[in-house]
Structure formats: structure tokens, C-alpha cells
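1. Fold the stuff below for me.
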Amino acid sequence: MLSVPGMREIDAKSVYTRFKRDLSSRALQRRFFNKQKLIEKYFSKSEKSKERIFEELSKLVIVRAEKNNPDALSVLFQWDDPKVSAAFANDFIRLVDRVTIDQLVSGLLYDIRNHIKKLENTIISKRAIAKKRREDDVMQLKENAMIAEELGIEPQLGVVQCTETPLYYRGALALNTEIRILQARKSDDAFIVGLRDLQEEITRLRGIKIDKTKLKAANIDQAPYAPENPTRSRKKMIMLGFILGVLLGIFAAFIRNFVNNQSRENNK
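-> Numbers count the residues shown, from 1 in each chain. Okay, here's the model as predicted:
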């Protein structure tokens, strides 16, 4: 499982669930049919509407769970030419796999960008508050310096001031010196608690880069095949089987290992 604070969790189950959903997506099926130009190649003379043809083509793609293995799926692509069926099956699975990975990676990167933005806003807020507190400190010091001057209080070296002792007891010289130093300060970063941790987290997140070409949403356990006794219909359709094994954490493992390696490199 990949879990980064402020971002969605990615594990084998969630990836496989997304993949199964995409297999049955009419939008992806339509995208595949358009990419293959099936209507132009095989239905150009049909009097049916394009939408009706899409509906009929979608019925040729059947996704079902295996009886003996609920974690496995069969994708059946029905066509009258075994070679064309095999090509369609391979291309369709590749399309769904790529779309699933692209969407998951895009979602993860979106979460990372949002999390970085939140951290940056936190830093901006902390810096603004630190500046305001420094200005408040200067104001208090100025008032106490004026009181010390009016009372003629001189600084007493070696005397420990307790929390209840008024600031003007430190003397005008010491207070004015502190005022001058605070006003000359160019950055409050060194005095903001937790700021460096936030900056370190931003650097780590910005260093995350994901190579989608190395990721897969599912393992193919069995290549496409044409049955010995194909199911026949009016168009003599051939039933093509495509078995998909359960995802073994490929997607999550790649990203989790990368994040861990990135963290180790940043720590070095």
C-alpha cells in the first residue's frame, strides 16, 4: 500500500477494482472502437445510426468473473475472424491497462501537487505570523524602553530576571539594542518551529517522479485463444477468451519503492 499524508491510498485491491471498472466502461469501449475504426471498416454500408452500432459493438465485449477464481476475469471478444479477435482483445486490454495506470498516476500526482500547495500555504502563514509576532515584540520593547528611560533604570549585570519582572527593569540600553536587532532581521525562518520539516517534506514530494511505462494494472495469465468449438450466431461469431490474473500490487509496489528510495536519497 502507498500512503502519503494528505493523499489517497493506493493498494493492489484499489488498482484492480479500478481496472475491472474500466474494462466495462462504455466510454473506453467507444474509444477503442473509434481507434480501431470498426464502423468505417465493417459497418460503412449499414443503415443503422452510429450510436446504434456502438451499442451493438459493446455487446460483443463481455467481462465476467471466473467461477473457480473470483479474483480473475475473463474478457470475451466476439468476432467472426479469430486473428482479428485476438488483435482486438490484445489492443483493448492494453488500452484499458494504460488508461487505468494513467488515471491513477494522474490522480496521485494531483494529490501530491495539492499537498505541496497546502504545505507552501502553511509556510506562508507561519512566516506571516512570525513577522507579526516580531513586530509585536518590538512594540512592547519600545514601550518598556521609554519607561526605563523615564525611570532612569540602568541595566544590572549579573542579575537574573524572572518571568514576573517587568521588561523595563532590563534598562533602556538593553531594550533598545534588542529593538535594533529585531528590526534589522531579514528573515524569521530560523526562529519558526517546524519550518524546516515542512520544507524538507516539500523537497521530498517534488522529487517524486513516476515512470508509467514500468507500471501495469494487471497480469495476463493466459493469452487470447479461439475455442475448438466456437459459439456460432447469425454472424458466426467466435468467442475469444482472455484471462486476467489478480493484480499483485505491481502498481503500488513500484510507487512505494520509489518513494522509499527517494526518501533515503534525500536523507543522504
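
2. Share the number of residues neighbouring residue 107, please.
-> 14 (other C-beta atoms under 10 Å). To be clear about C-beta, it is placed using only N, CA and C from the backbone, and glycine gets the same treatment.

3. so what secondary structure elements neighbour whatever helix or strand residue 112 lives in?
-> Residue 112 is located in helix 82-151, with elements delineated by DSSP states H and E. In terms of contacts (3 or more C-beta pairs under 8 Å, 6 or more residues apart in numbering; DSSP states H and E), helix 82-151 is packed against helix 12-23, helix 26-36, strand 73-79, helix 172-184, helix 195-206, strand 219-225, strand 238-245, helix 250-267.

4. and the closest residue to residue 96 other than its chain neighbours, what does it touch?
-> Distances taken as C-beta to C-beta, 6 or more residues apart in numbering place residue 22 nearest to residue 96, at 4.9 Å, with adjacent residues excluded. Residues near residue 22 by C-beta atoms under 8 Å, 6 or more residues apart in numbering: 28, 96, 99, 100, 103.

5. Buried only: go through the residues you listed for me.
-> 28, 96, 99, 100 (16 or more other C-beta atoms under 10 Å).

6. ok, the residues you listed vs residue 10, which is closest?
-> residue 100 (11.8 Å; C-beta to C-beta).

7. isn't the closest one right up against residue 15?
-> Yes - contact status for residue 100 versus residue 15: in contact at 7.3 Å, counting by C-beta atoms under 8 Å.

8. list residues touching both of the two?
-> Common neighbours of residue 100 and residue 15 (criterion: C-beta under 8 Å, 6+ apart): residue 217.

9. in this structure, what residue sits furthest out from the centroid?
-> For the chain, the largest distance from the centre (C-alpha atoms, centre = their mean) belongs to residue 152, which lies 63.4 Å off.

10. Quick check, pLDDT for that residue.
-> Looking at residue 152, its pLDDT is 89.

11. which phi and psi does it have?
-> Phi and psi for residue 152, reported as degrees, to the nearest 10, are phi 70, psi 30.

12. And the most centrally placed residue in the chain, how far from residue 115?
-> Central residue of the chain (C-alpha atoms, centre = their mean): residue 108, 1.3 Å from the mean position. Per C-beta to C-beta, to the nearest Å, residue 108 is found 10 Å from residue 115.

13. Thanks again, I'm all set now.
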